[in-house]
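Trainee: Starting from these lines, generate the structure:
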Amino acid sequence: MPQSQVALQVFGFGFAILGGQVLLPLLIGTILFARSVQRNPLLVSMLFPWVMYSVGVCILLYTGHIDEDVPPRAICYAQLATTLGAVVMASAALVSYSISLYCGAPRADGEEEVPMQTTYLLASIPILGVAGYEMSLLHIFQTKWDELTIERDVLVCAIKGDHEVMRSAEAIAAGATLVSVVLTVDLLCRYWSGLKNVFHGVSGYKELVLAPMKPWKQVLLRLIIFELYCLLAMGACMLLISDPSRGVREAMWSFADSVPVATALIFGTTPDVLSAWRFGRRRAEYATIP
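Mentor: As a prediction, the model looks like this:
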């Protein structure tokens, strides 16, 4: 095996396992069970798909087919269904979470409480989205199984050519991310007066990010950073579909597989989570970040 391929496997699988199978499960468990950490339940629905994605990326590794040029088609189908379904689910969850923040943002008459019925409805969107996508994917595999050419694409299986399976997942992810960006940019415009503190140096940044503020404001900047990272990862996936050189593909796969790690770092480094992990001193004002 080429040395570059070994390095790619180390970094790619390392990112996927560390982020999606170590850090994110710890973060989800902390959100669910730590009394000092309170979050909107929709955040958990946004984090979980990246655990699912990480497991999907590692299917060839866990099933012992990592060194095969042409893995079994059933294994490849399971990997495609898991990874692409996770991307669709994560995209739908991102929109749901952004809508929840938008509905809970301050209005002229004060802060609005998001009704539980609305929260339940928003929580159902990712589940219905991934269920519909998996059904369409199953239909494609059942009706066009003999027409599809499965190939090995660096760390995972892929369908040869610019196939509708890949294009559909990419289109859903792009559309959902853009909707979320529009909502968060609108909130960012309302939040501009606070952003000016960044120009005051380190003290201004700490005042902006760490000072007590309304729940939706405390998570807004982290959500925007996460969206930007997702857009970059989406650009990497577009390069993969355009069939670039092998070196570019290896670099893009490593970057795409780093999304679970980035997700854990972005949403898992708030003061209340760090204090729950005994990395910081507990401060009561952070207990209501959504």
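Trainee: List the buried residues of stretch 150-163.
Mentor: 150, 152, 154-159, 163 (16 or more other CB atoms under 10 Å). Placement of C-beta: from N, CA and C, glycine included.
Trainee: Likewise for stretch 75-83?
Mentor: 75-77, 79-83.
Trainee: Can you identify each of the helices in the stretch 101-250 of the chain by residue range?
Mentor: Assigned by DSSP state H, counting those that start in this stretch, the helices in the stretch 101-250 of the chain fall at 116-143, 164-190, 192-195, 202-210, 215-241, 246-256.
Trainee: Can you give me the separation between the residue lying closest to residue 170 once chain neighbours are set aside and residue 31?
Mentor: Spatial nearest neighbour of residue 170, excluding adjacent residues (CB to CB, 6 or more residues apart in numbering): residue 237 at 6.2 Å. From residue 237 across to residue 31, the span is 28 Å (CB to CB, to the nearest Å).
Trainee: One more: residue 221?
Mentor: 19 Å.
Trainee: Can you pick out the residue with more neighbours from the two?
Mentor: residue 31 (21 against 18; other CB atoms under 10 Å).
Trainee: Next up, the contacts around the more buried one.
Mentor: Shown here is residue 31, whose contacts under the criterion CB atoms under 8 Å, 6 or more residues apart in numbering are 37, 39, 43-44, 47, 273.
Trainee: List just the nearest of these to residue 11.
Mentor: Comparing those against residue 11 with CB to CB places residue 47 closest, at 22.2 Å.
Trainee: how near is residue 177 to residue 48?
Mentor: 18 Å.
Trainee: Look at the two and report which has more neighbours.
Mentor: It is residue 177, of residue 177 and residue 48, that has more neighbours when counted by other CB under 10 Å, with 22 against 19.
Trainee: so what's that one closest to, chain neighbours aside?
Mentor: residue 230 (5.5 Å).
Trainee: ok so, going back, which ones among the contacts of residue 31 map onto helices?
Mentor: Secondary structure assignment by DSSP state H places 43-44, 47, 273 of the contacts of residue 31 in helices.
Trainee: What is the burial count for the nearest residue to residue 57 once chain neighbours are set aside?
Mentor: The spatial neighbour of residue 57 that comes closest, neighbours along the chain excluded (CB to CB, 6+ apart), is residue 16 at 4.5 Å. By the other CB under 10 Å criterion, the neighbourhood of residue 16 contains 26 residues.
Trainee: Please verify my assumption that residue 16 contacts residue 54.
Mentor: Yes: assessed by CB atoms under 8 Å, residue 16 is found in contact with residue 54 at 4.4 Å.
Trainee: Mind listing the shared neighbours of the two?
Mentor: residue 260.
Trainee: How about residue 60, nearest residue that isn't a chain neighbour?
Mentor: residue 66 (4.8 Å).
Trainee: and the contacts of residue 31 as JSON lines, adding neighbour count, pLDDT and distance to residue 23?
Mentor: Output for the contacts of residue 31, formatted as JSON lines (neighbours: other CB atoms under 10 Å; pLDDT from 0 to 100; distance: CB to CB, whole Å):
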{"residue": "37", "neighbour count": "19", "pLDDT": "79", "distance to residue 23": "15"}
{"residue": "39", "neighbour count": "23", "pLDDT": "78", "distance to residue 23": "16"}
{"residue": "43", "neighbour count": "21", "pLDDT": "88", "distance to residue 23": "15"}
{"residue": "44", "neighbour count": "16", "pLDDT": "90", "distance to residue 23": "14"}
{"residue": "47", "neighbour count": "24", "pLDDT": "93", "distance to residue 23": "10"}
{"residue": "273", "neighbour count": "22", "pLDDT": "82", "distance to residue 23": "11"}
